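> I'll drop the sequence and a predicted model, then ask my questions.
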Amino acid sequence: EAAEKGGYPHFMLKEINEQPAAITATVSPRVEDGMPELRIPALTDEVLRGIGRVHLVGCGTAMHAGMVGKSAIEALARVPAEVDIASEFRYRDPILEKNDLVIIISQSGETSDTLAALKLARSRGVPVLAIVNVVGSSIARAADYVMYTYAGPEIAVASTKAYTVQMCVLYLFALRLAYARGRLSETETRRYTAQLLHAPEVIKPRLADCEQIKYLASRYVNTQSCFFIGRGFDYALSLEGSLKLKEISYVHSDAYAAGELKHGTISLITDGVPVIALATQKQVYEKTISNAKETRSRGARVLLFTTKDAVVPEGVADAVVRLDEYEDILMPLQLIVPLQLFAYYMAVLRGCDVDKPRNLAKSVTVE
Ligand code: G6P
């Protein structure tokens, strides 16, 4: 097993570090002459132009990737998109139209609720595109179309590299959809695609920053409860960062859309409570900063994740983690890395079984 870990103490840390390679393996075969190619003969640009609505469905981390996909699809292609938890989708009698597309997201391709959601969509005559990591898995076999992620085997229960490449495939899809529908010019499509291909270089410095994250984790290690806040893409990342932290370190954690704080959560903010504020999106930067400030004035210890050039006013944060400037829409690919490392080091420092957290399974094949 030590050999399989390739010199890393845990599979999770190995897999976090494999993300640059996983991104290249997943994205580069789908870029031709600088343009995104889905490589699904039936999903021509003409078919993409006819899509009415996109439904993204998955469980856990895969569903969180779907949230990023929804935001990218709506922002770039202006096609309405919905995200569903598979166990909700399958029992809520979802409204599905013939010209909709259901995107099913799963690392293992075996999650029982996700497979049931797929079958429901197909039984309604709606085409299903599966984004799956395991070749030949049940979901891959049952879908109309498959776009594989090439993360390689993921052993740690907490999903890391599979999530990142799920987002990459969703970005490729959103870019092609936007181009096909004339929402993005060829020049703009090429520019975003080049930025996506460049993602491994963007995240390598974040992997190299692990000592800073380890140090920050050591300052928060004794915490009982913690909150993640963000807006837009940063809200989707708050959910994923919070899930990573709670599943492996057993610290209670909640994620809130930053603007929702004052509608409830702020009553839980007292002296010393950690608030992890994600502020990478320029359009809502000031808003999130003001929310972070509100929590700090009530005693929160604010750990702020923002970009290199962002101006952080005095009195907002106890510590700041800086990311490199990058396309706002693609920022989740960079931001997720320090959040994964934060969860990882919290779990290690708390003496938890990082790769096999209690009560959790890598693949949930029963309902
Ligand atoms: C389990 C795993 C999670 C994963 C979820 C969905 O709960 O512990 O890490 O996100 O299942 O799995 P899937 O294989 O469908 O992506």
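Perfect, thanks for sending it. Numbers count the residues shown, from 1 in each chain.

> my guess is residue 102 is in a strand, correct?
Yes - remark: residue 102 belongs to a strand, assigned using DSSP: H, G, I helix; E, B strand; the rest coil.

> residue ranges with poor pLDDT in the stretch 51-200 of the chain?
By pLDDT under 70, the stretch 51-200 of the chain has no low-scoring segment.

> tell me which residues in stretch 97-108 are buried?
100-108 (16 or more other Cβ atoms under 10 Å). C-beta coordinates here come from the backbone N, C-alpha and C atoms, glycine included.

> farthest pair in these?
Greatest spacing in those, by Cβ to Cβ: 100 and 108 (24.9 Å).

> in the stretch 101-250 of the chain, which spans are strands?
For the stretch 101-250 of the chain, the strands defined by DSSP state E, counting those that start in this stretch cover 101-106, 128-132, 145-148, 225-230.

> of all those, which one is nearest the ligand?
The ligand sits nearest to strand 101-106 of all those, at 3.3 Å, using Cβ to the nearest ligand atom.

> which bits of the protein sit near the ligand?
Within reach of the ligand by Cβ under 6 Å from any ligand atom, the chain has these residues: 59-62, 106-108, 111, 114, 157-159, 360, 362-364.

> in helices only, show me the residues you listed.
60-62, 114 (DSSP state H).

> OK, contacts around the most centrally placed residue in the chain?
Centroid-nearest residue in the chain: residue 65, 4.0 Å away (criterion: Cα atoms, centre = their mean). The contact partners of residue 65, taken as Cβ atoms under 8 Å, 6 or more residues apart in numbering, are 58, 105, 131, 163, 166-167, 170.

> all helices of this structure, in order?
Shown for the chain, the helices assigned by DSSP H span residues 11-17, 19-27, 45-49, 60-72, 86-89, 112-123, 138-142, 161-180, 186-197, 199-208, 210-220, 233-249, 285-296, 331-349.

> Serialize these to JSON lines and add fields for distance to residue 316.
Below are the helices of the chain laid out as JSON lines (distance: least, Cβ to Cβ, whole Å):
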{"stretch": "helix 11-17", "distance to residue 316": "28"}
{"stretch": "helix 19-27", "distance to residue 316": "29"}
{"stretch": "helix 45-49", "distance to residue 316": "42"}
{"stretch": "helix 60-72", "distance to residue 316": "25"}
{"stretch": "helix 86-89", "distance to residue 316": "36"}
{"stretch": "helix 112-123", "distance to residue 316": "40"}
{"stretch": "helix 138-142", "distance to residue 316": "43"}
{"stretch": "helix 161-180", "distance to residue 316": "28"}
{"stretch": "helix 186-197", "distance to residue 316": "29"}
{"stretch": "helix 199-208", "distance to residue 316": "22"}
{"stretch": "helix 210-220", "distance to residue 316": "16"}
{"stretch": "helix 233-249", "distance to residue 316": "15"}
{"stretch": "helix 285-296", "distance to residue 316": "5"}
{"stretch": "helix 331-349", "distance to residue 316": "18"}
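
> quick one: which of those is nearest residue 79?
Each of the helices of the chain has some distance to residue 79 by Cβ to Cβ; the shortest is helix 161-180, at 6.2 Å.

> pick the most deeply packed of the strands of the stretch 101-250 of the chain.
Ranked by average neighbour count under the criterion mean count of other Cβ atoms under 10 Å, the strands of the stretch 101-250 of the chain are headed by strand 101-106 at a mean of 30.

> cool, thanks, signing off.
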